[in-house]
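*Asks:* turn this into a model:
(one chain, ligands or ions: 1)
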Amino acid sequence: MLCYTSIIPVNGVIPMAKSPQVKTANLQQVKAANRSLVFGLIYRDGTVSRAGLTARTHLSPTTVSSLVDELIDLGLVYERGPSETTGSGRKPVMVSVNPGGGYFASAELTRDGFDLALYDLNCKELGRSSERVVRYSVIGVRLIRAIEQLMSGCGLEEKRLNSICIGAPAIIDPDRKVIIVSTVLPMKPGKDFIAELRSRFPGIPIRLENESGLRCYAEMEYGAVTGIRDLLFIDIDIGIGSALILDGHLYRGSSGRAGEIGHVSIDYDGPACACGNKGCLELMANVPSLIRRVVSGMEKGKPSVIGELTGGETSRVDLETLRMAAERGDPVVCHALDETARLLASGINSVLNILNPQAIVIGGKMAELGQVLFDPLETHLARIALQPVSGSRSVYKSSLTGDAATLGGARLLLDEYLRQPGLGHAGRPG
Ligand SMILES: [Zn+2]
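*Replies:* You can find the predicted model right below:
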């Protein structure tokens, strides 16, 4: 995941610059790049000696020692003591990343407020809060206040806040950092609440990301399948959101609209969608459409245990009763699940044929059905896919909980932090 910069001097020799000003700038850039390189290696290895860093970086021992000392002064690295190796001679002093050397703020906007969490350099959660917001026009002010209160409540110094990520169920303009459109948030398109945060936290990188993208990122790093570099994540509830990881990177597309699998049409004569298309997957295979299929079967008088499980009240039909009924082999429910799986497979297959991901992870409420949905989905995918995704299984249930979006946001910030030469806010000397 680490990306090493190219401006690394070989054996500590720094390229000559043309003028004193340029030379000074280059020296600072090289120093910052090397500091990031050393920090990234310490982070990845967990514990390493200065000699080990010298061997890995090809920098001179003096340069490495100076960079490590600088990282120690910044509070990002600490000395753990001598190595536990049993060899003779002087044992090298090992260094490790100080998880408390910096932290990240990660928030997820919801229909009626937001969740906020702070994470240390190991992406361990330090604190969390939830806020209800009645007037979404003041969302920027509320986020600022919540960050301030959570930092204070956790006893964290603001100078160690590295960066902030805001996740939103929306299409995001990645350049202007504004929401283009959201069917969930009661927010006017184009409202620049990020500018308010930028004004309050000057110099601190602030990201605005699609929520499904953050969940997808969390799946890659902490989810059900590990070692995955190409991943399709699908979030199925009332809407169907999705996101893509391609070659280990979150893929947003040219204007932030990549991964909108919910608006792939699977029936050109189907119901009209708000997006202007017809027969969108979101309308045909979301949770309400599945429940409608079951209720429709019941109303046609087909035998089903659903009546027994719900006391005959169709309003009580939910995913838990569907799962229980399917496990008992209920024909109405099994038929509805099979039809929903067939439609999902049709939409998913379009992505598989174009991008050939290693795995598909399904999250959201629909994933609570587990194998009673995934088994027919696998069957339909195997029937229509050009080739298996990978191995014997292609569809996995998300193993992450409700904090996946904020966790993914924190991990995204961490990976950027490890890449940026200046090491962000906490790494800025002085
Ligand atoms: Zn649509």
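
*Asks:* flag every residue of the protein that's near the ion.
*Replies:* Taking CB under 5 Å from the ion as the criterion, the chain approaches the ion at residues 263, 273, 275, 277, 280. (C-beta placed from N, C-alpha, C; glycine too.)

*Asks:* which of the residues you listed has the largest number of neighbours?
*Replies:* With neighbours set by other CB atoms under 10 Å, the maximum within these is found at residue 280, which has 26 neighbours.

*Asks:* next, the contact list for it, please.
*Replies:* Residues in contact with residue 280 (CB atoms under 8 Å, 6 or more residues apart in numbering) are 262, 263, 264, 265, 266, 270, 273.

*Asks:* out of the residues you listed, which is nearest to residue 405?
*Replies:* Each of those was checked against residue 405 using CB to CB; the closest is residue 262, at 17.1 Å.

*Asks:* any idea how far the closest one lies from residue 359?
*Replies:* Taking CB to CB, to the nearest Å as the measure, residue 262 falls 19 Å from residue 359.

*Asks:* now residue 181
*Replies:* The separation that residue 181 has from residue 359, given CB to CB, amounts to 29 Å.

*Asks:* the more surrounded of these two?
*Replies:* The neighbour count for residue 181 versus residue 359, taken as other CB under 10 Å, is higher for residue 359 (23 against 15).

*Asks:* for that one, give me its contacts.
*Replies:* Listed by CB under 8 Å, 6+ apart, the contact set of residue 359 reads 225, 228, 230, 231, 232, 389, 390, 394, 395, 396.

*Asks:* residue 132 too?
*Replies:* Contacts were defined as CB under 8 Å, 6+ apart; by that measure residue 132 touches 112, 113.

*Asks:* going forward, the N-terminal residue is numbered 23.
*Replies:* Shifting the count to begin at 23 puts that one at residue 154.

*Asks:* distance check, it against residue 342.
*Replies:* Here the distance between residue 154 and residue 342 works out to 27 Å (CB to CB).

*Asks:* swap in residue 208?
*Replies:* The separation that residue 208 has from residue 342, given CB to CB, amounts to 29 Å.

*Asks:* also residue 89?
*Replies:* 55 Å.

*Asks:* then residue 144?
*Replies:* Computed with CB to CB, the distance linking residue 144 and residue 342 is 36 Å.

*Asks:* residue 146 too?
*Replies:* The gap separating residue 146 from residue 342 is 32 Å, by CB to CB.

*Asks:* swap in residue 399?
*Replies:* Noted for residue 399: a distance of 19 Å to residue 342, by CB to CB.

*Asks:* same deal with residue 382?
*Replies:* For residue 382 relative to residue 342 (CB to CB), the value is 24 Å.

*Asks:* neighbour-wise, which of these two wins?
*Replies:* Under the criterion of other CB under 10 Å, the comparison of residue 382 against residue 342 puts residue 382 first, with 24 against 11.

*Asks:* could you pull up phi and psi at the more buried one?
*Replies:* Dihedral angles of residue 382 (phi, psi; degrees, to the nearest 10) stand at phi -120, psi 130.

*Asks:* residues in a beta bridge with it, which ones?
*Replies:* The partner list for residue 382 in beta bridges (DSSP bridges) reads residue 254, residue 417.

*Asks:* only alpha carbons, please: show stretch 312-323 as CSV.
*Replies:* The C-alpha coordinates for stretch 312-323 follow below in CSV (Å, rounded to 0.1, in the frame of the first residue of the first chain):
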residue,chain,number,x,y,z
LEU,A,312,-38.0,-8.3,-2.5
ILE,A,313,-40.6,-7.8,0.2
ARG,A,314,-43.2,-6.8,-2.4
ARG,A,315,-42.5,-10.0,-4.3
VAL,A,316,-43.2,-12.0,-1.2
VAL,A,317,-46.3,-10.1,-0.3
SER,A,318,-47.6,-10.4,-3.8
GLY,A,319,-47.1,-14.2,-3.7
MET,A,320,-49.0,-14.3,-0.4
GLU,A,321,-51.9,-12.2,-1.7
LYS,A,322,-52.2,-14.6,-4.6
GLY,A,323,-53.0,-17.3,-2.0
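
*Asks:* for it, which residues meet the burial criterion?
*Replies:* Residues of stretch 312-323 classed as buried: 312, 313, 315, 316, 317, 319, 320 (neighbour count, 16 or more other CB atoms under 10 Å).

*Asks:* for stretch 425-444, same thing?
*Replies:* For stretch 425-444, burial by neighbour count (16+ other CB under 10 Å) applies to 425-440, 442-443.

*Asks:* just give the closest residue to residue 113, not the sequence neighbours.
*Replies:* Leaving aside its chain neighbours, residue 113 sits nearest to residue 104 (3.9 Å; criterion: CB to CB, 6 or more residues apart in numbering).

*Asks:* what are the ranges of the strands in the stretch 173-322 of the chain?
*Replies:* Ranges of strands within the stretch 173-322 of the chain are 183-190, 193-195, 200-203, 228-232, 253-258, 262-268, 271-273, based on DSSP state E, counting those that start in this stretch.

*Asks:* and what of the stretch 23-172 of the chain?
*Replies:* 69-71, 99-104, 115-119, 125-132, 135-142, 147-154.

*Asks:* now swap in the stretch 323-452 of the chain and tell me
*Replies:* 381-385, 417-419.

*Asks:* can I get those strands in JSON lines with mean pLDDT?
*Replies:* Shown next, in JSON lines, are the strands of the stretch 323-452 of the chain (pLDDT from 0 to 100):
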{"stretch": "strand 381-385", "mean pLDDT": "91"}
{"stretch": "strand 417-419", "mean pLDDT": "88"}
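
*Asks:* go through these and pick out the most buried.
*Replies:* The highest average neighbour count among these, using mean count of other CB atoms under 10 Å, belongs to strand 381-385 at a mean of 25.
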